[in-house]
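A.B. asks: Task: produce atomic coordinates for the following.
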Amino acid sequence: MKIRRITATPINLTLEAPYIWVFGELDGFSPTIVEIETDDGLTGLGEAPSAAVAAIINDVLASRLIGRDAFDVAGAENVCLPFWTGVQSINDRNRIMAFGAIEMALWDLRGKAWNQPLYQLLGGAVRKEIPFTDYFSLRGDGPRKSGEKSPEEVADYCVELNETYGTTFFEGKFSTENPKVSLRILELIRRKLGEDVMLRIDSNQAYSLTTARQLVRPLEELNVRNWEDPVATIEEMRELRRHCLIPFSTHNIDIARAMELKVPDAIVGNPTVHGGIGRFIRFLGACEHAGIDFWCYSGDSGVGSAAYLHLCAAFGWIREPNQSLFRMQTTDVIEGGPFSPRRNVVSVPEGPGLGVTLDRDRLAACHRDYVENGSKNKYHDPAKPGTYRRLPLN
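C.D. replies: Below is the predicted model:
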């Protein structure tokens, strides 16, 4: 089975209301959807969390892969990323993510050719109901919703999720300039939903070490399950550990540094950031050996999210719930999407490969949004109207 065509399409995924965090407001994400067609009519799907990889795939990598055996994943990596030491030494990881999306699509093709779901190719399922958190934050006004402007409204939103979908796993932004506002949100959620709900928080490196130390005691009293990126560096996180019993997580994938400093307790990421599913599995094995948890972050379409589901089904070390913005998305590029957690879980797709099908009309609409409005991988500072800056890579 030979590769006949590769197409990378940058898209915009819009949130129903922009969430407010340390960088300002974010109203969506701009990933890239990859399609690999074979000479016998199959199409494999992949996704990278950056629109910038589309040009790398279309202009550089695709021509290297046309005519190659679609099952030869190692050979594809060798022609796309022949010098791993060099490519990993640069700050821009787009080249790695570009191949990661291609590699995901090659796994999808293999599953379709052999009529097996991806989790079966990875050794079988240890679970088929995959846990996710529902997200909360202060939010602005968006195309589908007037967002929650106060701690009381955020807490009421969480109560609504609990009553409608049975949600008891929550994660939210904890990065307001005045941390008392974020604390108030957690206090109200605890008061309204009780001690049994899981509360994880993400500060996106918003606070100084001094401020973070002052937040430790009230956060411990609120029984916070995990605190993501409370401070700017892993070195500061190590210092904060001396004062804090709450587990820490980060998007920083430097596992050697994490093992040396004994923080964080978990790494939150995406398989394409590592260069694809194969290299992610090796990274996950290193995490297990080091006793460092891993879970997946949010902001992907149903294609990338399906890969998360299969990986979580196949590997028991992904023990904690993954992040989810499914409820906040206005659309998706797969038929039947976005996924919708019920009682904290989403079932792994049972179809061949990733088990999802592109909705062509939705894909075209999301691509048109990108072409007409530009990338959403930037943030708006409400204090400086008309000013936008690039988002940092996770």
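A.B. asks: wait, doesn't Lys128 sit right on Val348?
C.D. replies: Yes. With contact defined as C-beta atoms under 8 Å, Lys128 reaches Val348; the gap is 5.0 Å. For every residue, glycine as well, the C-beta is placed using N, CA and C.
A.B. asks: Okay, and the closest residue to Ile130 other than its chain neighbours sits in which element?
C.D. replies: Once flanking residues are discounted, Ile130 sits nearest to Cys312: 4.5 Å by C-beta to C-beta, 6 or more residues apart in numbering. Assessed by DSSP states H and E, Cys312 sits inside helix 302-314.
A.B. asks: what is the rounded mean pLDDT of that helix?
C.D. replies: Mean per-residue pLDDT for helix 302-314: 98.
A.B. asks: Would you mind measuring the gap between the ends of stretch 38-47?
C.D. replies: Length of stretch 38-47, first residue to last, C-alpha to C-alpha, to the nearest Å: 18 Å.
A.B. asks: I'd like to check what contacts it. Which residues are they?
C.D. replies: With contacts defined as C-beta atoms under 8 Å, 6 or more residues apart in numbering, stretch 38-47 is touched by 1-4, 31-37, 70, 100-110, 112-113, 272, 300-301, 303-304, 307, 353-354, 356, 358.
A.B. asks: starting at the chain centroid, how far to stretch 21-38?
C.D. replies: How far stretch 21-38 lies from its chain's middle: 10 Å, per C-alpha atoms, centre = their mean, to the nearest Å.
A.B. asks: Quick one: end-to-end length of that stretch, please.
C.D. replies: This stretch, stretch 21-38, spans 43 Å end to end (C-alpha to C-alpha).
A.B. asks: Equivalent analysis for stretch 130-138, please.
C.D. replies: 27 Å.
A.B. asks: Low-confidence stretches in the stretch 201-350 of the chain?
C.D. replies: For the stretch 201-350 of the chain, no stretch has pLDDT under 70.
A.B. asks: ok, which stretches of it are helices?
C.D. replies: Residue ranges of the helices in the stretch 201-350 of the chain, as given by DSSP state H, counting those that start in this stretch, are 209-221, 234-241, 255-261, 277-290, 302-314.
A.B. asks: so which of those helices gets nearest Thr14?
C.D. replies: Closest approach to Thr14 among the helices of the stretch 201-350 of the chain is made by helix 302-314 (14.7 Å; C-beta to C-beta).
A.B. asks: Let me know the angle separating that closest one from helix 277-290.
C.D. replies: Using axes from the mean of the first three to the mean of the last three C-alpha atoms, to 10 degrees, the inter-axis angle of helix 302-314 relative to helix 277-290 is 40 degrees.
A.B. asks: picking up where we left off before, what about Lys128 and Val348, which has more around it?
C.D. replies: Per other C-beta atoms under 10 Å, whichever of Lys128 and Val348 has more neighbours is Val348, with 22 against 16.
A.B. asks: Quick one: the strands in the stretch 151-300 of the chain, in order.
C.D. replies: Counting by DSSP state E, counting those that start in this stretch, the stretch 151-300 of the chain has strands at residues 169-173, 198-202, 226-228, 248-250, 266-269, 293-296.
A.B. asks: Dump those strands to CSV, plus mean neighbour count and distance to Gln214.
C.D. replies: Shown next, in CSV, are those (neighbours: other C-beta atoms under 10 Å; distance: least, C-beta to C-beta, whole Å):
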stretch, mean neighbour count, distance to Gln214
strand 169-173, 23, 19
strand 198-202, 23, 15
strand 226-228, 24, 14
strand 248-250, 24, 16
strand 266-269, 23, 23
strand 293-296, 23, 26
